[in-house]
Structure formats: structure tokens, C-alpha cells
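> Show me how the following folds:
(one chain, ligands or ions: 1)
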Amino acid sequence: MRIRNVFGPVPSRRLGRSLGVDLVPTKACSYDCIYCQLGRTTFKTVERREYVPMTDILMEVEERLAAGVSADYITLSGSGEPTLHSDCGDILRTIKTLTDIPVAVLTNSSLLGDPQVRDELMAADLVIPSLDAGDAAMFSLVNRPHPAVDFTVMVDGLAAFSHAFPGRLWLEIFLLDGLTAAEEEARKIAFHAARVRADKVQINTVSRPPTEEWAKAPTRQRLTELASLFGPRAEVVCGFTGTMEEHEFLAGRSRVLDLLQGGPKTLDDLAHLSGVNRNETLKHLEVLLNDGLVHSKVRQDIRYFFCENL
Ligand code: SF4
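From the prediction side, this is the model:
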């Protein structure tokens, strides 16, 4: 079954009803974060190219808009890093001509050292870049970047972008127990974050099954303590996001549950068999895991979801 490039709207704690636009549908990413909810990066790259035809993406967006979709944001994201798409800027600018719905971009910041990428993102209404480490060693450990991504170039690019960008910028910082949630490490991140012109600093952590089982969430209290290092713009945003009980969205969840009744499946299995985009499938799994209807386990580096204990 064909996986759509445009999915949702899905409920997002930060963005409300978010219509997702998947620019990189295979797990093409410049990072391989230990906490990634999408599983291991299968294609670690910094090469910018047309991973999905721009015309296909725009046609799907137009179809959804013509059908009267209602959303708080159109969000460029992906099963990987969206700025890897070489037409990211053109896609963004074209969507802006089609609708008044604000457009957000989620990025891991890896390519912000490139002035061309910074320029392409200028048309967005909201950019949510991430910064998960305070030095190159922790960056290697947590984000496992492509060798071409230099920590200092990335952080300098992020700071430069934030000062040139006219829209809203929410800096996301993902803290992990025993790693970046140690005060010394969080202080190092805060030092770099202070160089970024951010409207909000959003402190986040693991809330869905991570790629590595040892990537753990600190307590909410610990996150709240650490948030104070990031100044008055900081807020803790982690936690279960609740549900959007709409017919179409619930139908997708039923499909995922039905498939799992037939035996354990990976995220990719579920997305392919249901025809539901991986990011949307993850939203359903989050609800089902929280409700105790589904469980997950890693076997030989692959995460499986299932209805009863394996
Ligand atoms: S969390 Fe984001 S940046 Fe990290 S590997 Fe996953 S998709 Fe890439």
C-alpha cells in the first residue's frame, strides 16, 4: 500500500492539529539519535536531493486543502530530516501561496551551518530546531551525527539563523537521564542556547519507545529543575499529549490495532500494511501503549509492537 506524504491532521501538544508533510519518507537522516522514535537511521546522509518528487508532495497538499482540511499548522517534518530535501525552500514557499494556515518546520539543526538552508527556511512561520548536546563528545554520543556534521558549525549556524529569521522560533532541547540531564551537561547546552534568539526553549524527553533501550527519561521534577538553567523562556513540554477523538483519526488507530491482532509488527510493517504514514502510526501507537493495549520490545536491534506479551 502506498504511504502518503501528507498525513493527519494529527494531535500535537505544541502545534494543535498538525497536518504533516513528510519530505523524507525513508529514514534518511543526518543523525541517528539514541532516542529516535522512528528506529535506527537506515540512510545516514548530508546529501540534499529530491527524495520525494516535489510535484507529488504539492499535489497531495493541494488535494487536502481542496477537501477542506482544517489544521492549526502545516508541519514539514519527515521520517528523517526535512531540510535534506533539496526543494525544501520551494515546497515551503509554494505551500504559503496556497493557504493561510501557518507553516512550521521541525529540524535537527544539522544543516543550519549552510547559508542556503538558512535562507530556505526564512519563509516559515515557525521553526523548531533542536539542540541536544553541549559539546562535540556528547553530540556524538546522543545524536550520532554523520561525520560531515561539525558540532561548532551546527551551533554557529543555529545561532546565525535565529537572529536572521523573522518568524517564531522554539528551540527544542531533549534531555536524557544519566547523560544530558546531568547538571554539568545541561549547563553546557544552556551556554549555547543563550546564543539563540528563541521565543521559547522547550525542554523535552523520551515519551515513546526509543531506538536504544538505554535512552531514558529523567523525572519531570528533574526536567523542571533543569529548565531553570535555560531562563524565563524555558518550559517543559514532554508527556503524553492526549488524543484527538475524530472519526478519521480513530479509524487509523483501529487499523493499527487490527493489524497487531495478527501478530507482532515493526513500525514499518504497520505503516506499509495500513497505508498510514509512519509519523501518524506513531501517534496511534503512543495512545495504544499508554492505554496498555499494545506493548513493545526490542529483538536483535529491531523494535516490535504486539498486543500480548511475547
Ligand atoms: S530524532 Fe530526528 S534527528 Fe534524530 S535520528 Fe530521529 S529523525 Fe533524525
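
> Can you list the neighbours in contact with stretch 302-310?
For stretch 302-310, the surrounding residues in contact (C-beta atoms under 8 Å, 6 or more residues apart in numbering) are 39, 209, 211, 257, 260-261, 263-267, 270, 285, 293-299. For glycine as for every other residue, the C-beta is placed from the backbone atoms N, C-alpha and C.

> change it to 7 Å
Surrounding stretch 302-310, the residues in contact under the criterion C-beta atoms under 7 Å, 6 or more residues apart in numbering are 39, 209, 260-261, 264-267, 270, 285, 293-297.

> Around the ligand, which positions in this protein sit nearby?
Within the chain, the residues that sit near the ligand (C-beta under 6 Å from any ligand atom) are 29, 31-33, 36, 38, 41, 80-81, 108.

> Ranking by neighbours, what's the top pick from these?
Comparing the residues of the chain next to the ligand on neighbour count, C29 comes out first with 29 neighbours (neighbours: other C-beta atoms under 10 Å).

> Excluding covalently adjacent residues, which one is nearest to that one?
In this structure, C29 finds its nearest non-sequential neighbour in G80, 3.9 Å apart by C-beta to C-beta, 6 or more residues apart in numbering.

> list the contacts for the one you found?
With contact taken as C-beta under 7 Å, 6+ apart, G80 is in contact with 24, 27-29.

> One more pass at 8 Å, please.
Taking C-beta under 8 Å, 6+ apart, we find G80 in contact with 24-29, 38, 41, 43.

> likewise C33?
With contact set as C-beta under 8 Å, 6+ apart, C33 has these partners: 108, 132, 142-144, 174, 211.

> Quick one: buried ones out of the contacts of stretch 302-310?
Members of those that pass the buried threshold by neighbour count (16 or more other C-beta atoms under 10 Å) are listed as 39, 209, 260, 264-265, 267, 270, 285, 294-296.

> Please report how far the residue lying closest to E286 once chain neighbours are set aside lies from the ligand.
Excluding the flanking residues, the one nearest E286 by C-beta to C-beta, 6+ apart is R208, at 5.5 Å. Plainly put, R208 is 11 Å away from the ligand if you go by C-beta to the nearest ligand atom, to the nearest Å.

> So what's the residue count around the closest residue to the ligand within the stretch 201-310 of the chain?
Nearest residue of the stretch 201-310 of the chain to the ligand: T211, at 7.6 Å (C-beta to the nearest ligand atom). By the measure other C-beta under 10 Å, the count of residues near T211 is 19.

> Confirm that it sits in a strand.
No - secondary structure assignment places T211 outside any strand; it is coil (DSSP: H, G, I helix; E, B strand; the rest coil).

> Need the nearest residue in space to it, chain neighbours excluded.
The shortest distance from T211 to any residue other than its chain neighbours is 4.7 Å, reached at C36 (C-beta to C-beta, 6+ apart).

> Can you tell me the SS state at that neighbour?
coil.

> who are the neighbours in contact with it?
29, 210-211.

> Against V46, how distant is it?
As judged by C-beta to C-beta, to the nearest Å, C36 and V46 stand 17 Å apart.

> what does P232 give?
As defined by C-beta to C-beta, P232 lies at a distance of 35 Å from V46.

> Please apply the same query to S296.
Here the criterion is C-beta to C-beta. By it, S296 lies 30 Å from V46.

> related to what we said a few turns ago, could the residues of the chain next to the ligand go into JSON lines alongside secondary structure and distance to P53?
Conversion of the residues of the chain next to the ligand to JSON lines gives the following (DSSP: H, G, I helix; E, B strand; the rest coil; distance: C-beta to C-beta, whole Å):
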{"residue": "C29", "secondary structure": "strand", "distance to P53": "20"}
{"residue": "Y31", "secondary structure": "coil", "distance to P53": "25"}
{"residue": "D32", "secondary structure": "coil", "distance to P53": "26"}
{"residue": "C33", "secondary structure": "coil", "distance to P53": "27"}
{"residue": "C36", "secondary structure": "coil", "distance to P53": "26"}
{"residue": "L38", "secondary structure": "coil", "distance to P53": "22"}
{"residue": "T41", "secondary structure": "coil", "distance to P53": "22"}
{"residue": "G80", "secondary structure": "coil", "distance to P53": "16"}
{"residue": "E81", "secondary structure": "coil", "distance to P53": "18"}
{"residue": "N108", "secondary structure": "coil", "distance to P53": "23"}
